[in-house]
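S.K.: test case, fold it:
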Amino acid sequence: MAVRKTELVDVEEARRRCFAWAAPREAVRVPLVEAVGCYTARGPELPEDVPPFDRSLKDGYAVRAADTAGASDDAPVSLIVIEEVAAGGWPGRSVEPGTAVRTMTGAPVAPGADAVVPLENVRLPAGSSGRRGERIELTAPVQAGEEIQRRGDDLAQGSSPIGAGERIGPREAAVLATAGAWEIEVIRRLRVALLSTGDELLSGPGPLKPGQIRNSNGPMLAAMIRMEGWEVRDLGRCSDQVETVVRAVQGALESYDVVVTTGAVSVGDYDVVPHAMERLGLKMLFRKAAIRPGKPVTVGVRGDRIWFALPGNPASAFVTAHLFLLPTLRKMAGAKAWDPLRTTAVLSGRPSGGPIPLTRYWRAQAWLEEGRAVVDAGREQLSAAISSFLGANALVEVPPGQDPGVGDAVTVWWLDLPSAPIGY
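M.R.: Numbers count the residues shown, from 1 in each chain. You can find the predicted model right below:
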């Protein structure tokens with residue numbers, strides 16, 4: 001049951017191999033409400049102009065700008081109101097010289113008018129309420145186009161304001177809905193299966209038996225995947241036996257795009273996942289990365305399916321999921337920006353310990369302070385320290401052999417904030 005010895009791969013090389021393999025799944029056309037959380041397969045062309053007609057930006061009067069030339073307090077221009085148009089209505093008359101149409105915000109501008117005068121800029125002569133059949137007075141000239149939004153000024157029919165690889169969220173849904181794009185083409189949702197290995201694990205409620213611990217990796221990874229908008233099924237716990245893992249994963253590889261396991265991936269007597277990968281004929285993208293935590297992380301592929309074997313320690317699973325799993329899945333889901341945002345920050349707190357020959361990733365909390373990024377990694381960094389997750393919205397990258405101190409500039413990975421594509 002020997003597994004071939006493999007190289008310890010640099011973290012960026014390991015990530016590059018994942019991203020080079022990943023390709024978007026097939027495109028599907030779905031109703032807009034079902035597309036939320038998916039990435040566009042191509043930029044949708046808008047079927048309608050927004051706005052669909054010339055509309056008023058203020059409550060006021062639609063007028064001919066030429067009629068207002070020379071208007072002043074001493075020599076006001078008098079116009080007769082011929083119609084009133086509310087939002088949702090439609091003008092039945094055209095504005096001709098000497099006339100105006102009372103027009104509410106969002107209402108269509110009557111033909112012949114080329115400006116709208118806000119109510120507060122209109123003077124009412126004695127006995128007039130500014131309604132139809134009554135007169136209004138203008139005491140200042142207006143320019144053509146004032147307080148009017150022309151048809152298609154916001155969004156033009158046939159344009160594609162949302163490009164390929166953009167995620168459909170609330171803002172995108174609003175833009176597409178207002179232009180009548182009720183069906184769009186997106187990359188279908190990924191299907192992900194989770195499997196936690198370990199005879200010591202208890203999934204779900206119930207009392208712990210001697211030697212048992214509760215399964216936290218399954219719920220953690222399920223939450224990560226669901227928050228990305230993908231379909232996920234937690235297959236529960238699997239014992240540390242090669243045959244059991246092979247049976248569980250073989251079925252999952254046939255039904256899901258991605259299989260994610262945690263545990264049994266190192267070099268111990270019960271670390272059976274690498275043997276199961278070989279039994280199932282997977283091509284190894286890499287086995288072991290030069291990082292801490294998460295050194296045993298292993299990734300294999302078969303056809304268009306991929307298996308992420310993450311370490312069982314919760315912090316190792318957390319870090320490797322953010323470095324390898326989520327970015328690769330985003331690329332498979334069609335995202336043009338799949339990798340976490342990376343910036344420089346000032347280190348305000350750090351854990352104990354000295355330099356090591358691996359790239360370290362400290363769980364940390366980052367924030368903006370007076371226009372600069374600040375990050376605090378002064379928390380427990382043990383692989384089994386689940387409490388270190390709370391408030392952790394960033395990872396501090398510490399290159400091999402380095403040991404930054406408080407006040408130093410460090411590289412920070414902002415979790416859950418994808419940046420621009422990095423060209424893999």
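S.K.: and the lowest mean pLDDT element among the helices and strands of the protein?
M.R.: strand 201-202 (a mean of 61; mean pLDDT, DSSP states H and E).
S.K.: stretch 181-189: which residues count as buried?
M.R.: For stretch 181-189, burial by neighbour count (16 or more other CB atoms under 10 Å) applies to 181, 184-189. Using the backbone N, CA and C atoms, a C-beta is placed for each residue, glycine as well.
S.K.: with just CA atoms, put stretch 324-336 into CSV.
M.R.: Output of stretch 324-336 as CSV, limited to C-alpha atoms (Å, rounded to 0.1, in the frame of the first residue of the first chain):
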residue,chain,number,x,y,z
PHE,A,324,-6.6,26.3,-2.8
LEU,A,325,-10.2,25.2,-2.6
LEU,A,326,-12.3,28.4,-2.9
PRO,A,327,-10.2,30.1,-5.6
THR,A,328,-10.1,27.0,-7.8
LEU,A,329,-13.9,26.6,-7.4
ARG,A,330,-14.5,30.2,-8.3
LYS,A,331,-12.5,29.7,-11.5
MET,A,332,-14.5,26.6,-12.2
ALA,A,333,-17.7,28.6,-11.6
GLY,A,334,-16.7,31.1,-14.3
ALA,A,335,-15.4,34.0,-12.1
LYS,A,336,-13.0,36.4,-13.7
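S.K.: tell me the mean pLDDT over that stretch?
M.R.: Throughout stretch 324-336, pLDDT has a mean value of 97.
S.K.: next one: the closest residue to Arg360 other than its chain neighbours from Ala100, what distance?
M.R.: Using CB to CB, 6 or more residues apart in numbering and skipping the chain neighbours, the partner closest in space to Arg360 is Val398 (4.0 Å). Distance, Val398 to Ala100, by CB to CB, to the nearest Å: 70 Å.
S.K.: quick one: list the elements packing against the helix ranked longest in the chain.
M.R.: Looking across the chain with DSSP state H, the single longest helix is helix 242-255. Packing partners of helix 242-255 (3 or more CB pairs under 8 Å, 6 or more residues apart in numbering; DSSP states H and E): strand 191-197, strand 231-238, strand 258-262, helix 273-279, strand 305-310.
S.K.: save the ones you listed as a markdown table, and put in mean neighbour count and distance to Ala22 too.
M.R.: Listed next are the helices and strands packed on helix 242-255 as a markdown table, based on neighbours: other CB atoms under 10 Å; distance: least, CB to CB, whole Å:
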| stretch | mean neighbour count | distance to Ala22 |
| --- | --- | --- |
| strand 191-197 | 23 | 14 |
| strand 231-238 | 18 | 17 |
| strand 258-262 | 27 | 10 |
| helix 273-279 | 23 | 18 |
| strand 305-310 | 25 | 8 |
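S.K.: where in the stretch 251-400 of the chain is pLDDT low?
M.R.: The model of the stretch 251-400 of the chain has pLDDT under 70 over residues 267-270.
S.K.: can you tell me how far the residue nearest to Arg360 is from Arg135?
M.R.: Note on Val398: its distance to Arg135, by CB to CB, is 77 Å.
S.K.: just to revisit the earlier point, go ahead and measure how far the longest helix of the chain is from the middle of the chain.
M.R.: 31 Å (CA atoms, centre = their mean, to the nearest Å).
S.K.: buried stuff in it?
M.R.: 242, 245-246, 248-249, 252-253.
S.K.: what's the local residue count around the residue nearest to Thr105 when sequence neighbours are not counted?
M.R.: Of all residues not flanking Thr105 in the chain, Asp59 sits nearest, at 5.2 Å (CB to CB, 6+ apart). When counting by other CB atoms under 10 Å, one arrives at 18 neighbours for Asp59.
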